[in-house]
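1. Sequence first, then the predicted structure:
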Amino acid sequence: MSRLQAWLNHAWYGSDPPRWWLAPGAALYGAVFALRTLAYRRHWRRTVRLARPVVVVGNLTVGGTGKTPLVCWLAARLAEHGLHPGVVTSGYGGASRHPRPVAPGDDPAVVGDEPVLLARRLALPVAVGRNRAAAAQLLIDAGCDVIVSDDGLQHEALGRDCEIVVVDGRRGFGNGRLLPAGPLREPTRRLAKVDAVVVNGPPESTDPWASAVTGGTPPTFHMRLEASRAVALADGTHRELDTFAGAAVHALAGIGNPERFFAMLRENGMAVHAHPLADHARIGPGDILFGDAEPVLMTEKDAVKCAAHADARHWYVPVDATFAAADAAALLAIVMNKIDSEPPTRVSRG
């Protein structure tokens, strides 16, 4: 993780007062965002409505909150209900600029690390593209009857039928300020317009966002990310995570909130030598080889970029989104109701 990113995280989520000299930047960001939103509301900019329903899983803050595990959970549940979901994402961090399908063996440097993770984990169609509507259309052309967008809450060029916001239960919205003074991509009042909020992990206080929401609080569900095994990069061997308890390990995380990964390993009894990297960082041999025999554990997103440099010491730890049964049923019911409320065939429109 860069010094700038570490400093910003401290400023956004620490107890120190916000830096006053970041306030003008936040005001400018807010004004530009408001004008952009107005442009879509007045139809000065085009929103594309696809012929199949779209579910957006996003967040209000920069950095990781657990969107991708929730996308995997939701896509799998939709498939269990007889639908044919596809997943669309921007392909952030990849060099490709044009809409394209993603295969499990694609190069993360070209299509992005999260799309490769999704393609390997789900065995469902995945597409990437800066133009999300065009990428989603590739999935519809391939036979998908519902699109799940990994991120894209603020990407209003893609019309949507259902919006789910994921909130980090521990960090919440930080100091509650817009970028760059705080971590918010848009004001918290946006939550009043979404269909559901999913809190990842235990909130530090009861519904910490509720006081900032006007017009009613959306249904809220609590999600946990669970890890039970590690997978060897070299040969795919599985090992129960608790077998690392008591061991010293190197831990590598190039995600939005690396500390969440390190804390999970510590909770499983490991002595962690933490190596935080920037989100979506490019990873080379120097990032994963530490000159000793200690195991190296990393996130699944990082692992898709490391196979060429890995040996028997290197493992990744997949995580799965889990809900209480009642929350799982209620969240899925909201999504199914929203995507079933539209006519089965729709015409794209601006």
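-> Cool, got the structure.
2. Show me what stretch 135-146 is in contact with.
-> For stretch 135-146, contacts defined as C-beta atoms under 8 Å, 6 or more residues apart in numbering pick out 50-55, 78, 83-89, 99-101, 125, 127-129, 147, 149, 158, 339. Where you see a C-beta, it was placed from the backbone N, CA and C, and this is true even at glycine.
3. centre of the chain versus that stretch, how much separation?
-> Distance of stretch 135-146 from the chain centroid (C-alpha atoms, centre = their mean, to the nearest Å) equals 21 Å.
4. ok, back up a step: what about burial for the contacts of stretch 135-146, which qualify?
-> Listed as buried from the contacts of stretch 135-146 are 50, 52-55, 78, 83-89, 99-101, 125, 127-129, 147, 149, 158, 339; burial here means 16 or more other C-beta atoms under 10 Å.
5. Tell me where the stretch 51-200 of the chain has strands.
-> 54-58, 85-89, 100-101, 126-128, 146-150, 162-168, 196-200 (DSSP state E, counting those that start in this stretch).
6. Tell me which of those sits nearest to Thr237.
-> Nearest to Thr237, of all the strands of the stretch 51-200 of the chain, is strand 126-128, at 25.7 Å by C-beta to C-beta.
7. looking only at pLDDT, what's the mean for that closest one?
-> The pLDDT scores in strand 126-128 average 98.
8. buried residues in the longest helix along the chain?
-> For the chain, the helix with the greatest residue count under DSSP state H is helix 23-41. Using 16+ other C-beta under 10 Å as the test for burial, helix 23-41 gives 26, 29-30, 33.
9. same question, stretch 257-274
-> Buried positions in stretch 257-274, judged by neighbour count with 16+ other C-beta under 10 Å: 257-265, 268, 270, 272, 274.
10. Which residue ranges of the protein form helices?
-> With DSSP H as the criterion, the chain has helices at 3-13, 23-41, 67-80, 108-111, 113-122, 132-141, 258-267, 285-288, 300-303, 325-340.
11. Mind putting those helices into a markdown table with mean pLDDT and distance to Asn59?
-> Shown next, in a markdown table, are the helices of the chain (pLDDT from 0 to 100; distance: least, C-beta to C-beta, whole Å):
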| stretch | mean pLDDT | distance to Asn59 |
| --- | --- | --- |
| helix 3-13 | 81 | 14 |
| helix 23-41 | 96 | 15 |
| helix 67-80 | 97 | 6 |
| helix 108-111 | 95 | 22 |
| helix 113-122 | 96 | 14 |
| helix 132-141 | 98 | 16 |
| helix 258-267 | 95 | 14 |
| helix 285-288 | 94 | 26 |
| helix 300-303 | 96 | 16 |
| helix 325-340 | 96 | 16 |
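12. among those helices, which is nearest Lys193?
-> Distance to Lys193, taken as C-beta to C-beta, is lowest for helix 23-41 among the helices of the chain, at 11.1 Å.
13. Show residues contacting that closest one.
-> Contacts for helix 23-41 (C-beta under 8 Å, 6+ apart): 44-45, 47, 156-157, 177-182, 185-187.
14. 7 Å - rerun?
-> Helix 23-41 has contacts (C-beta atoms under 7 Å, 6 or more residues apart in numbering) with 45, 47, 156, 177-182, 186.
15. Ok, stretch 106-121 next?
-> If you take C-beta under 7 Å, 6+ apart as the criterion, stretch 106-121 is touched by 68, 72, 87, 89, 91-96, 102-104, 126, 128, 150, 280, 300-301, 304-305.
16. So among those residues, which ones count as buried?
-> With neighbours counted by 16+ other C-beta under 10 Å, the contacts of stretch 106-121 contain buried members at 68, 72, 87, 89, 91, 93-94, 96, 102, 126, 128, 150, 280, 300-301, 304-305.
17. who's in contact with the residue positioned nearest the centre of the chain?
-> Residue closest to the mean C-alpha point of the chain, counted by C-alpha atoms, centre = their mean, is Lys67 at 3.1 Å. Counting by C-beta under 7 Å, 6+ apart, Lys67 makes contact with 57-59, 150-151, 166.
18. Between these, identify the one with the most neighbours.
-> The most crowded member of those, judged by other C-beta atoms under 10 Å, is Val57 (29 neighbours).
19. so what's that residue up against?
-> Neighbouring residues of Val57 by C-beta under 7 Å, 6+ apart: 67, 70-71, 74, 148-150, 164, 166.
20. ok, so of these, who is nearest Ala293?
-> The closest of the contacts of Val57, once distances to Ala293 are taken by C-beta to C-beta, is Lys67, at 35.4 Å.
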